[in-house]
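# quick one: sequence and predicted model below, then my questions.
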Amino acid sequence: MLDEDLARIRAHRNNIHRYRRLLKTRLSDLERQFIERRLSEEQTALDALASKAFPVAFSLPKGSTAPASAGTAQ
């Protein structure tokens with residue numbers, strides 16, 4: 001299952017890169033609109049798949065605070 005998800009993630013990522021390269025070329029308004037729409041759809045699909053494949057939730061219990069050292073540079 002994970003291998004299939006990774007393959008799909010890779011395919012979406014490759015499509016996104018291809019669409020971004022195409023947007024750097026000379027396109028008609030109609031072509032540009034189509035590619036921008038496809039880019040948006042691919043990004044949405046990638047985000048959904050990535051959150052399904054790698055669910056991560058960081059939360060603090062109610063009433064607790066972050067450690068004092070969080071966010072400070074030393």
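Sure, I can see it.

# show me what contacts D5?
When the contact criterion is Cβ atoms under 8 Å, 6 or more residues apart in numbering, the partners of D5 are L49, K52, A53. All C-beta spots, glycine's among them, are computed from the backbone N, C-alpha and C.

# gap between the residue most central in space within the chain and P55?
A centroid search over the chain (Cα atoms, centre = their mean) returns D47, at 4.2 Å, as the residue closest to the centre. Here the criterion is Cβ to Cβ, to the nearest Å. By it, D47 lies 13 Å from P55.

# if we can go back for a sec, in helices only, show me the contacts of D5.
L49, K52, A53 (DSSP state H).

# out of those residues, which end up buried?
For these, burial is judged from neighbour counts taken by 16 or more other Cβ atoms under 10 Å, and it is met by L49.

# just send the ones in helices among the contacts of D5 back as TSV, with distance to R20 and pLDDT too.
Converted to TSV, the ones in helices among the contacts of D5 look like this (distance: Cβ to Cβ, whole Å; pLDDT from 0 to 100):
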residue	distance to R20	pLDDT
L49	18	91
K52	24	84
A53	22	79
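
# among the ones in helices among the contacts of D5, find me the one that's closest to E4.
When those are ranked by distance to E4 (Cβ to Cβ), A53 comes first, at 9.4 Å.
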